[in-house]
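Sequence below, structure please.
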Amino acid sequence: MPDASLYPFEFLIPGTPMSMQSRNRPRLHEYKNDVQALARARQMQTFPIGPTDDVPVAATIYYFSADAISGDVDNIVKPILDSLKSVAFNDDKMVERVVVQKIEPEKDVAFEAPTEQLSAAIDAAAPVVYVRIDADLSWRTVI
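Below you'll find the predicted structure:
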């Protein structure tokens with residue numbers, strides 16, 4: 001049973017996310033370190049000992065962009081999930097589901113009952129990325 005103090009785990013990444021397709025490998029490495037630092041800081045605020053069990057998790061990633069996006073939204077997933085190893089889960093093989101969505105400024109999107117962190121992302125100056133890791137796997141029965 002997952003510890004309710006860690007999940008759901010939510011945090012924000014200010015700025016434009018890096019793509020796994022980036023040719024600038026040093027910058028991609030730096031980006032992953034930055035994401036891990038942001039996640040670690042949030043994890044220390046919510047549950048300092050971090051993930052304690054190898055439990056299946058689901059990831060939700062919303063990219064609130066400042067402009068229309070020309071790249072593929074799926075390329076931002078891997079650097080983010082790689083950065084969360086040992087912060088939000090022990091191993092990224094525990095991630096069973098990923099939902100990723102780009103939210104461009106000209107698109108109308110409404111969220112029903114957003115959490116505090118999601119509300120902060122909605123209200124933040126774009127670009128910003130909202131990340132949620134959750135051990136609630138009730139979606140399994142919907143498929």
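
the helices in the protein, which residues?
Secondary structure of the chain, counting by DSSP state H: helices at 25-46, 77-83, 116-123.

Tell me which residues touch residue 57, please.
Residue 57 is in contact with 7, 88-89, 94-96, 133-135, counting by C-beta atoms under 8 Å, 6 or more residues apart in numbering. The way it works is simple: take the backbone N, C-alpha and C, and place the C-beta from them, glycine included.

Please identify the deepest-packed of the helices of the chain.
Burial of the helices of the chain is given as mean neighbour count (mean count of other C-beta atoms under 10 Å); helix 77-83 ranks first at a mean of 19.

Give me the contacts around it.
Contacts for helix 77-83 (C-beta under 8 Å, 6+ apart): 13, 17-20, 28, 31-33, 35-36, 39, 59, 61, 92, 95, 98, 100, 129, 131.

Please repeat the previous calculation with a cut-off of 7 Å.
Residues outside helix 77-83 that contact it (C-beta atoms under 7 Å, 6 or more residues apart in numbering) are 17-18, 20, 28, 31-32, 35-36, 39, 59, 61, 92, 95, 98, 100, 131.
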